[in-house]
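> sequence and predicted structure are below.
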Amino acid sequence: MEETKREKWFPRWMGKDATGKQSSPLELLILGAFRYLGRGLTFDDLEESTAILEEVHRVFFHKYIEVGSTILYDRWVKAPHNRAH
C-alpha cells in the first residue's frame, strides 16, 4: 500500500471527488480486485460486502488491470531460468 500511494498509480481514488466527498479506501478497492480475480465474485458481490458502488469497483478494476499488466508485471514476474523436466 505504501508504494501504491507513493507512486500515485490510482490518483482518482486518492483524494476527494467533485463534491468534496472522500474517495473509497484504496485498500478495499484493491482487495475487491483480488476477490474478483481469485474467487470469481461479481462487482455486485463486492458492493454488498464493502458498501462501495458496483460501478466504482468496475472502473477501479480496469485501472488496476492496467497498472498490474504494465508496472507490476514488469517488476514482479520473472520467467524461469531452467527448463522443467
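Great, that's in hand. Note that this is a predicted model, so its numbers are computed, not measured.
> list the contacts for Ile52?
24, 28-29, 32, 46 (C-beta atoms under 8 Å, 6 or more residues apart in numbering). No exception for glycine: its C-beta is placed from N, CA and C like everyone else's.
> among those residues, which ones are in helices?
28-29, 32, 46 (DSSP state H).
> still on that earlier bit, from the contacts of Ile52, which has minimum pLDDT?
The member of those with the lowest pLDDT is Ser24, at 93.
> quick one on the thing from earlier: how about the contacts of Ile52 in a markdown table, adding neighbour count and distance to Asp17?
Supplementary listing: the contacts of Ile52 in a markdown table, determined by neighbours: other C-beta atoms under 10 Å; distance: C-beta to C-beta, whole Å:
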| residue | neighbour count | distance to Asp17 |
| --- | --- | --- |
| Ser24 | 18 | 10 |
| Leu28 | 18 | 16 |
| Leu29 | 22 | 14 |
| Gly32 | 25 | 18 |
| Leu46 | 25 | 19 |
